[in-house]
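>>> Let's see this in three dimensions:
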Amino acid sequence: MNNEDEIFKVEDVARYLKIGKNSAYELIHKGKIRSIRIGKNIRVPKWCVLEYLQIQADLCYNNAENRLPDEGGNCA
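The predicted structure follows:
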């Protein structure tokens, strides 16, 4: 299995992004990080987390000040 084929639980997403579990749930609930449901369980393919990071980086690097996003997706 390729490294990008990994599947995360919400707790894993939070740990990977170094944010709180509630913040991870919020990003997923708002659709900023795509996810899938398997029964009552939320699973997030690693590529969806990487996609979120790339989108946030693109948004900020297109900003004249080249700031990195905070956990809410805002450039600090």
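>>> quick one: the helices in the protein?
Using DSSP state H, the helices of the chain run over 10-17, 21-29, 46-61.
>>> Mind checking those helices for the one nearest to residue 40?
Of all the helices of the chain, helix 10-17 sits nearest to residue 40, with 12.1 Å by CB to CB. (Each C-beta comes from the backbone N, C-alpha and C, glycine too.)
>>> which stretch in the helices of the chain is the model least sure about?
Mean pLDDT is lowest for helix 46-61 out of the helices of the chain, coming in at a mean of 90.
>>> so can I have a markdown table of the helices of the chain showing distance to residue 40 and mean neighbour count?
A markdown table is the format used below for these (distance: least, CB to CB, whole Å; neighbours: other CB atoms under 10 Å):
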| stretch | distance to residue 40 | mean neighbour count |
| --- | --- | --- |
| helix 10-17 | 12 | 17 |
| helix 21-29 | 14 | 16 |
| helix 46-61 | 19 | 15 |
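>>> Mind checking these for the one nearest to residue 3?
Closest to residue 3 of the helices of the chain, according to CB to CB: helix 46-61, at 7.2 Å.
>>> Find the residue at the geometric middle of this protein.
residue 49 (4.0 Å; CA atoms, centre = their mean).
>>> mind checking how far that one is from residue 32?
Between residue 49 and residue 32 the distance, using CB to CB, to the nearest Å, works out to 11 Å.
>>> Would you mind finding the longest strand in this structure?
strand 41-45 (DSSP state E).
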